[in-house]
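**Student:** structure for this input, please:
(one chain, ligands or ions: 2)
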Amino acid sequence: MSLSPTPNSSFTKDNPLPAKLLENRVLNKDGSSKDTRHLVIDIAGSGLTYSVGDSLGVYSSNRPQIVEEIIEFLGATGNEPVTLPRLAAPVSLRDALTNKLSLAQPTKKILETMAAKTGDAEEQARLGKLLAPEAAEIRETFLGQREFIDLLEEFPGAKLTPQEFTDHLRRLVPRLYSIASSPKMFPGQVHLTIAPVRYESNDRRRYGVCSTFFADRVTRRKTPIPVFVASSHFGLPEDPAKDIIMVGPGTGVAPFRAFMQERVAANATGRNWLFFGDQHEATDYLYGEEWKRWLAEGKMARVDLAFSRDQPKKIYVQDRMREAAAELWAWLKGGAVFYVCGDAHRMAKDVDAALHQIIAEQGGLDAAAAADYVKQMKKDRRYQRDVY
Ligand SMILES: Cc1cc2nc3c(=O)[nH]c(=O)nc-3n(C[C@H](O)[C@H](O)[C@H](O)COP(=O)(O)OP(=O)(O)OC[C@H]3O[C@@H](n4cnc5c(N)ncnc54)[C@H](O)[C@@H]3O)c2cc1C
Ligand SMILES: NC(=O)c1ccc[n+]([C@@H]2O[C@H](COP(=O)([O-])OP(=O)(O)OC[C@H]3O[C@@H](n4cnc5c(N)ncnc54)[C@H](OP(=O)(O)O)[C@@H]3O)[C@@H](O)[C@H]2O)c1
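**Tutor:** Ligands and ions are numbered 1, 2, ... in the order given. Here you go, the predicted structure:
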């Protein structure tokens, strides 16, 4: 297996490259309920290098509207200096809330601070109930539906100072995105496939920090985006004659577009098989034209599609794997490398279960022997996952 080389540039996680966005295109067609973006980032001339399978690390900022609302709830101006761990000099409250701190996932600790500070009897009673030892489950649910701003709104009597408030916030950390391009095909560029996170909780619209920074707030060729390359053990086999099987529904398809570009550019002779799925074929076949072209040109051996909502009963990538079990087993026996990318919570677990089942049934193995087979695949780096 090829391990990614260390990027040979002065730009690192601690010294990110201020890159520019060249393109921001919605991949889904009209009528889709999904919003998946194809983003092109300019790294030309920076010296930043990457291998297919690597991810791009991105530093982003919080939404200005939320920051201003928080400043108002705190009764502050935004110019107040606050001290943050790891930073020698104080920064303004506005800078800290915009660029340095995460405004999500409040913990029990801020409830305790608010309970100690509020002069409002009703708030105190409510906080007391939430903090009771027997209320652990209720408290988790309560906090899980809220960000810090909700607490400032719901407990205005607590009157935290800017410093007391920021002391409860964790650092805003960079997000990683699978690189969807090969440097051989697109030198000087990094392509990403991003699903902006938007949902509602506690009667508030929520916006994923980094995904919606890209989708809504980065101006093409203007806004600097601090990026770095995060090397990965996820990558193509060194031997270009090896077959590869790629399972990547939704945004999970990103690294496999990079793999294919790399294999085509390098004239790799190994066969390529993709399992892709999303909601509807007509609107959500991400990079569909590219897969179709590679298939028509004989560069892909197989593309198996699972459009979950094109029929009454859901069909997922693991259903397509089971349908193709005999051929999948033949590829595995022939030494193919099996890759999975995308949702860790449900998809990757179900795909893993399907893989075990297929190996057991096709190989005539009992469950323990099939598990050993999979373990050996992992040891041999023939089963690689990049799931999130
Ligand atoms: C190696 C790696 C590769 C990745 N590659 C990609 C990629 O190619 N494309 C891509 O789009 N992402 C990818 N991700 C995920 C990406 O890093 C971010 O986690 C994702 O974009 C969300 O970040 P955010 O800052 O927009 O959202 P955040 O501000 O981090 O918010 C996300 C959080 O919101 C909460 N949340 C989300 N939806 C809901 C909901 N419906 N209800 C309640 N709470 C919810 C959850 O707590 C979730 O953790 C990858 C992650 C890793 C680790
Ligand atoms: N860790 C995370 O926070 C995380 C990880 C992945 C995705 N997401 C979020 O999900 C949203 C969209 O992500 P995405 O575009 O990558 O697509 P996705 O939601 O992963 O969906 C892609 C396809 O996978 C299907 N699917 C659902 N459950 C599955 C399962 N158990 N096994 C196999 N396939 C399954 C979906 O079907 P149906 O929808 O019809 O059921 C859909 O057809 C984004 O908001 C993204 O942030 C979050």
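
**Student:** gap between the closest residue to ligand 2 within the chain and ligand 1?
**Tutor:** Here the residue of the chain nearest ligand 2 is residue 250; by Cβ to the nearest ligand atom that distance is 2.4 Å. Just so you know, the C-beta spots here come from the backbone N, C-alpha and C atoms, and that holds for glycine as well. Per Cβ to the nearest ligand atom, to the nearest Å, residue 250 is found 8 Å from ligand 1.

**Student:** try residue 316
**Tutor:** 19 Å.

**Student:** so what's that residue up against?
**Tutor:** 249, 277, 306, 308, 347, 350 (Cβ atoms under 8 Å, 6 or more residues apart in numbering).

**Student:** what do you get for residue 184?
**Tutor:** Residues in contact with residue 184 (Cβ under 8 Å, 6+ apart) are 261-262, 265-266.

**Student:** so which residues on the stretch 151-300 of the chain come close to ligand 2?
**Tutor:** Applying Cβ under 6 Å from any ligand atom, we find that the stretch 151-300 of the chain lies next to ligand 2 at 195, 197, 249-252, 277-279.

**Student:** so what's the closest residue to residue 44 other than its chain neighbours scoring on pLDDT?
**Tutor:** Using Cβ to Cβ, 6 or more residues apart in numbering and skipping residues adjacent in sequence, the residue nearest residue 44 is residue 188, 3.2 Å away. Residue 188 carries a pLDDT value of 97.

**Student:** these two touch, right, residue 188 and residue 41?
**Tutor:** No: contact between residue 188 and residue 41 fails when scored by Cβ atoms under 8 Å: they sit 9.8 Å apart.

**Student:** burial measure for the closest residue to residue 201 other than its chain neighbours, as a count.
**Tutor:** With sequence-adjacent residues excluded and distances taken as Cβ to Cβ, 6+ apart, residue 201 is closest to residue 145, at 4.7 Å. Residue 145 has 14 neighbours, counted by other Cβ atoms under 10 Å.

**Student:** on that earlier part again, return the residues in contact with the residue nearest to residue 44.
**Tutor:** With contacts defined as Cβ under 8 Å, 6+ apart, residue 188 is in contact with 42-45.

**Student:** pLDDT averaged over the lengthiest helix in the chain - what is it?
**Tutor:** The residue-count maximum for a helix in the chain (DSSP state H) belongs to helix 347-363. Mean pLDDT, helix 347-363: 98.

**Student:** and it with ligand 2, contact?
**Tutor:** Yes: legend: contact between helix 347-363 and ligand 2 by Cβ under 6 Å from any ligand atom is shown at 347, 350.

**Student:** quick one: contacts of that helix?
**Tutor:** For helix 347-363, the external contacting residues (Cβ under 8 Å, 6+ apart) are 247, 249, 252, 316-318, 321-322, 325-326, 328-329, 332-333, 338, 340, 342, 365-367, 369-371, 373-374, 383, 385, 387.

**Student:** CA atoms only for the longest strand seen in the chain, dumped as CSV, please.
**Tutor:** Determined from DSSP state E, the single longest strand within the chain is strand 17-26. Taking Å, rounded to 0.1, in the frame of the first residue of the first chain, the C-alpha atoms of strand 17-26 are listed here in CSV:
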residue,chain,number,x,y,z
LEU,A,17,-2.4,28.0,3.5
PRO,A,18,-4.8,30.9,2.8
ALA,A,19,-6.4,29.3,-0.3
LYS,A,20,-9.1,30.7,-2.5
LEU,A,21,-12.3,29.0,-3.8
LEU,A,22,-12.6,28.7,-7.5
GLU,A,23,-15.9,27.0,-7.9
ASN,A,24,-19.0,26.2,-5.7
ARG,A,25,-21.5,24.1,-7.7
VAL,A,26,-24.6,22.2,-6.5
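
**Student:** contact partners of it?
**Tutor:** Residues outside strand 17-26 that contact it (Cβ under 8 Å, 6+ apart): 9, 11, 35-43, 46, 48, 189-190, 214-215, 218-228.
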